[in-house]
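Student: Here is a sequence with its predicted model. Questions after.
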Amino acid sequence: MNRQQQVANAAVEQELQEALDQIAAISETNAPYMAGLARRIAETGKDVKSLTVAELLALDARHNAYFNSLPL
């Protein structure tokens, strides 16, 4: 593997790790957050396993922004 391929692979590994960290963080949320995210997912008409990683992360980001804007 040449240097350019090594750099490209390292970038992909970093992206993969970041996506996995974001997905893992979902499991650490509270029940109201999870219920809201589940509603958003259901509204797509897809089951969780049919979502792309990008779709799941986008739904989580939108829900996170909404959830964090709610009054305490």
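Tutor: On my side now, so go ahead. Numbers count the residues shown, from 1 in each chain.
Student: Show me the residue at the heart of this structure, geometrically.
Tutor: Central residue of the chain (Cα atoms, centre = their mean): residue 57, 2.7 Å from the mean position.
Student: Remind me which helix or strand the residue lying closest to it once chain neighbours are set aside belongs to.
Tutor: Nearest residue to residue 57, sequence neighbours excluded (Cβ to Cβ, 6 or more residues apart in numbering): residue 22, at 5.6 Å. C-betas here are computed from N, CA, C, even on glycine. Assigned by DSSP states H and E, residue 22 falls within helix 3-26.
Student: where does this protein have low pLDDT?
Tutor: The chain contains no residues with pLDDT under 70.
Student: Swap in 90 and give it another go.
Tutor: Residues of the chain that meet the criterion pLDDT under 90 lie in 1, 72.
Student: I'd say the residue nearest to the centre of the chain and residue 20 touch.
Tutor: No - counting by Cβ atoms under 8 Å, residue 57 sits too far from residue 20 to count as a contact (10.7 Å).
Student: sorry, back to before: ok, and for the next helix-or-strand element following the helix holding residue 22, which residues are buried?
Tutor: The C-terminal neighbour of helix 3-26 among helices and strands, as given by DSSP H and E, is helix 31-43. Buried residues in helix 31-43, counted by 16 or more other Cβ atoms under 10 Å: 33, 36, 37, 41.
Student: can I get these in TSV with distance to residue 13?
Tutor: Shown next, in TSV, are the buried residues of helix 31-43 (distance: Cβ to Cβ, whole Å):
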residue	distance to residue 13
33	29
36	32
37	27
41	27
